[in-house]
Structure formats: structure tokens, C-alpha cells
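Enquirer: need a 3D model of the sequence below.
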Amino acid sequence: MSHTVVTTTTTTSTSTSRADGGFLNPGYPRSTAGILKMAQILCLLVAFLCVHCARTWTDWSAFRYFEVVTLWFFVAFLLFFLLHVFRMQGRIPCINWTLMEFLHYAVGTVLVLIASIVAAVKSGEVSELVAGSVFGFMATLLLAVSLWTSYKVSCGSQQTGAAV
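Expert: Reported below is the predicted structural model:
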């Protein structure tokens, strides 16, 4: 009885050259993920500024929490955006960037939702505070969409090539 074993080896190279843009990725801001991340950053910034610039707060602790949460995730997602634009994930391979973004989206979705609900309840019909909570809800929706898309990438079903 004769057996034949076929072994296939595939190698990939991850070097960047000047032909594909060098260290800068100009196509990322025009991609769906880039547009979504820019919308999140904008919503979080507007939500923070609406609450921060309001003169009449009805509850200091609730709106300080809202400010801290929106500003933290604004900075975090701005850093993730810059990491994608400048292709820094390849230069720091010891960190699983896909999983890190997924965890930030998960925590951010929950915390921004909680902060937006608290801000909406405590707003006292002050227009700046209501606008801040509305932008917080919009940011929550955008974060949930990113959470779903990053879940499909990082935790989705893996194809196996085991054939008998």
C-alpha cells in the first residue's frame, strides 16, 4: 500500500516599502473602520464639550463621571486611530491590538451608556446637558457597532483546514 504526503508551506512578509505608503496609511481614514472611529472620536469630544461648557450643573458627581468617561475614551480611541494611521501595530508585535481594541470597545460601550443614562436623568432639562447626553448615546451606538465588527474579527469562528 502506497502513501503520499504533500506538505505545503506558505510564507508571508510584513515589511513596508515606500511603494505602499511607507509608515503612513493614508487609506485608513477613508475606510469604513476609519470613518467609524472618527465618528466615535467626534461624538465623544462633542459630548465632553457640551457637558464641560455647561454653566448650570444639577449634580456635580454625575457630570464629573460623564466628563471622565467621555474624555478617557476620546483619548483612547484617538490613540487607536493614530496607531492605525501610522501603522504602529506592526512595530509593537508583543501586544494583541485586535483584542485590546475589542476590550476597549466592550468597556467603553458599557461605561459611556451608563454615563449617558445618568446624564440624561440628572440633566434637569438644561439644554447643554441634554445635548451632551444625546451625543453620549450616539457615541454608545457607534461603539456598539465597532464592538460587533471587532468581535467578528477577533472572536469569530475560525476556519480550519483539516482535511482527511
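
Enquirer: quick one: classify Pro93 as helix, strand or coil.
Expert: Following DSSP: H, G, I helix; E, B strand; the rest coil, we place Pro93 in the coil state.

Enquirer: neighbours around Glu125, how many?
Expert: Applying other C-beta atoms under 10 Å, we find 7 residues neighbouring Glu125. Every C-beta, even on glycine, is put in place using the N, C-alpha and C of the backbone.

Enquirer: and the longest helix along the chain, which residues are buried?
Expert: The single longest helix within the chain, with elements called by DSSP state H, is helix 127-154. For helix 127-154, the neighbour count (16 or more other C-beta atoms under 10 Å) marks 128-144, 146-147, 150 as buried.

Enquirer: what's near enough to touch Leu111?
Expert: 69, 73 (C-beta atoms under 8 Å, 6 or more residues apart in numbering).

Enquirer: which stretches in this structure count as helices?
Expert: Counting by DSSP H, the helices of the chain are 32-52, 60-85, 97-122, 127-154.

Enquirer: of all the ones you listed, which one is nearest Leu24?
Expert: Across the helices of the chain, Leu24 has its closest neighbour in helix 60-85 (6.8 Å, C-beta to C-beta).

Enquirer: which stretches of the chain have low pLDDT?
Expert: 1-21, 58, 153-164 (pLDDT under 70).

Enquirer: give me that answer again for 90
Expert: The chain contains residues with pLDDT under 90 at 1-26, 54-63, 87-93, 95-99, 123-126, 149-164.

Enquirer: any idea how far the longest helix of the chain is from the chain center?
Expert: From the chain centre to the centre of helix 127-154 is a distance of 10 Å (C-alpha atoms, centre = their mean, to the nearest Å).
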